[in-house]
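this is a predicted model, with the sequence first.
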Amino acid sequence: MKPHSGDGDIALGFRVKSGVAIAVVLGGDRRAPTAMTRHIVELCDPRAAETRQPYHDGFGTAQQDQRELARRIAVVERCATASITALLAALQPRRPAGAALVVGSVIDPASVGNPHIRAHANEGRLFRTVVEDALKSHGIECEVIVEKQLATAAARLPCRPAELTRALAAFGKAIGGHWRADDKAAATAAWLALIARTEN
């Protein structure tokens with residue numbers, strides 16, 4: 001999907017999930033940005049189901065084979081790098097001024113005692129960091145926001161909560177197709193990234 005043409009800054013917002021991220025691009029006036037595009041960013045190999053939850057070995061079981069785990073992580077890193085590079089290429093000649101990621105948690109996996117829950121925490125950290133690293137390799141700094149804290153972070157936006165709700169609905173209409181909570185979270189993150197970069 002190609003972005004709309006036009007001048008001014010653009011910013012990326014991501015809702016990072018296990019194996020995939022939803023990316024929304026906003027641009028223009030930071031007080032009333034324009035929704036440009038939405039992308040599904042693959043962070044794993046769709047042909048290899050085990051790379052969507054690389055720290056798992058079947059339902060409710062943590063992967064113990066370190067060589068297999070290393071192989072899966074390497075696949076995730078390659079896929080994320082390729083997907084982010086392709087996304088940025090699709091936005092050319094415009095270049096995002098910044099990005100923000102909405103994630104489920106930033107808990108340290110080492111602090112989790114239960115092996116199954118620790119596997120989820122490891123996956124959360126992995127998919128978050130591969131997106132961060134891929135963006136930074138292109139010179140794009142990003143902010144990480146825990147989903148439960150997104151409403152608090154959104155207080156930095158130049159609008160009231162009711163206005164944000166209307167704006168998010170308008171973004172969905174402009175982009176078209178399905179527009180769910182993850183898309184709204186990514187759009188909110190993009191707006192936060194846009195105001196952060198234009199204020200600097």
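Structure received.

what residue in this structure is the furthest from its centre?
The C-alpha centroid of the chain is most remote from residue 65, which lies 28.6 Å away (C-alpha atoms, centre = their mean).

any idea how far residue 135 is from the residue nearest to that one when sequence neighbours are not counted?
Spatial nearest neighbour of residue 65, chain neighbours left out: residue 57 (7.5 Å); criterion: C-beta to C-beta, 6 or more residues apart in numbering. For every residue, glycine as well, the C-beta is placed using N, CA and C. Residue 57 is 30 Å from residue 135, where distance means C-beta to C-beta, to the nearest Å.

kindly report the same for residue 11.
11 Å.

of those two, which one has the most company?
Neighbours were tallied for residue 11 and for residue 135 using other C-beta atoms under 10 Å; the higher tally belongs to residue 11 (28 against 22).

any low-confidence regions in this protein?
For the chain, residues meeting the criterion pLDDT under 70 lie at 1-8, 197-200.

and the helices in it?
All helices of the chain, identified by DSSP state H, fall at 66-91, 115-137, 150-153, 161-175, 181-199.

and the third one, what does it pack onto?
Packing partners of helix 150-153 (3 or more C-beta pairs under 8 Å, 6 or more residues apart in numbering; DSSP states H and E): helix 181-199.

ok, the first one next?
Using 3+ C-beta pairs under 8 Å, 6+ apart as the contact criterion, the neighbours of helix 66-91 among helices and strands are strand 34-42, helix 115-137.

turn the ones you listed into CSV, columns for distance to residue 146.
As requested, these are exported to CSV (distance: least, C-beta to C-beta, whole Å):
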stretch, distance to residue 146
strand 34-42, 19
helix 115-137, 10
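
among these, which comes closest to residue 156?
strand 34-42 (19.0 Å; C-beta to C-beta).

hmm, back to that, list the contacts of the residue nearest to residue 65.
Counting by C-beta atoms under 8 Å, 6 or more residues apart in numbering, residue 57 makes contact with 63, 64, 65.

and which of those is nearest to residue 144?
When the contacts of residue 57 are compared for distance to residue 144 (C-beta to C-beta), residue 63 wins out at 24.9 Å.
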